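Engineer: sequence plus predicted model, see below.
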Amino acid sequence: MTSKYKIPGNTIRSVWRNPIHFIAFGFGSGTLPKMPGTWGTIVAIPIYLLMSHLSLSAYIALTTLLILISFVICHITARDIGVHDHPGIVLDEIVGYLLTMILVPTGWFWVITGFIFFRIFDIWKPFPIRWVDSKIKGGVGIVVDDLLAGVYAWIVLQLIALLFFQW
């Protein structure tokens with residue numbers, strides 16, 4: 001089993017050679033040496049911007065599909081590299097951010113605020129996120145903790161939007 005915090009050379013090579021690993025590693029962003037989760041969330045921003053013009057039902061349907069696919073992709077990648085929830089696997093951050101941004105007003109303020117709150121909850125891991133992160137294994141376990149962080153961030157954004165639009 002490889003170290004949880006270092007990316008061995010064979011894993012880096014697999015990211016660039018295996019399309020499933022490439023997607024799981026956030027199109028390569030997870031190979032960056034510092035803060036891979038942050039880089040993965042940055043990758044989510046242009047994906048969100050492309051999706052933000054969809055109808056609400058289309059956005060939710062596509063996000064749901066991406067979440068379901070991410071369970072499989074993260075599971076396969078973790079199994080192949082021999083590390084459950086390797087920090088370089090950042091597809092979970094991407095789908096967590098997309099969940100965060102459901103029904104959020106448009107504009108850069110919201111894109112950045114969503115990014116900040118998602119990262120805060122993903123790093124802080126308030127209950128039950130930390131519990132889920134430690135107890136649920138496989139692709140579902142890799143992704144669900146980030147979805148919960150996305151729900152927390154979504155609640156904060158909705159409260160900000162409610163207060164912002166009432167002024």
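Structural biologist: All right, it came through fine. Numbering: from 1, shown residues only.

Engineer: where does this protein dip in pLDDT?
Structural biologist: 1-11, 166-167 (pLDDT under 70).

Engineer: check it and tell me which residue is nearest its centre.
Structural biologist: Nearest to the mean C-alpha position of the chain, by C-alpha atoms, centre = their mean, lies E93 at 1.2 Å.

Engineer: any idea which element the closest residue to that residue other than its chain neighbours lies in?
Structural biologist: Among residues not flanking E93 along the chain, G40 sits closest, at 3.8 Å (C-beta to C-beta, 6 or more residues apart in numbering). For glycine as for every other residue, the C-beta is placed from the backbone atoms N, C-alpha and C. Assigned by DSSP states H and E, G40 belongs to helix 36-51.

Engineer: list the buried residues of that helix.
Structural biologist: 36-45, 47-48, 51 (16 or more other C-beta atoms under 10 Å).

Engineer: now tabulate these in TSV and tack on distance to V143.
Structural biologist: Formatted as TSV, the buried residues of helix 36-51 follow (distance: C-beta to C-beta, whole Å):
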residue	distance to V143
P36	15
G37	13
T38	17
W39	17
G40	12
T41	14
I42	18
V43	15
A44	13
I45	19
I47	15
Y48	17
M51	18
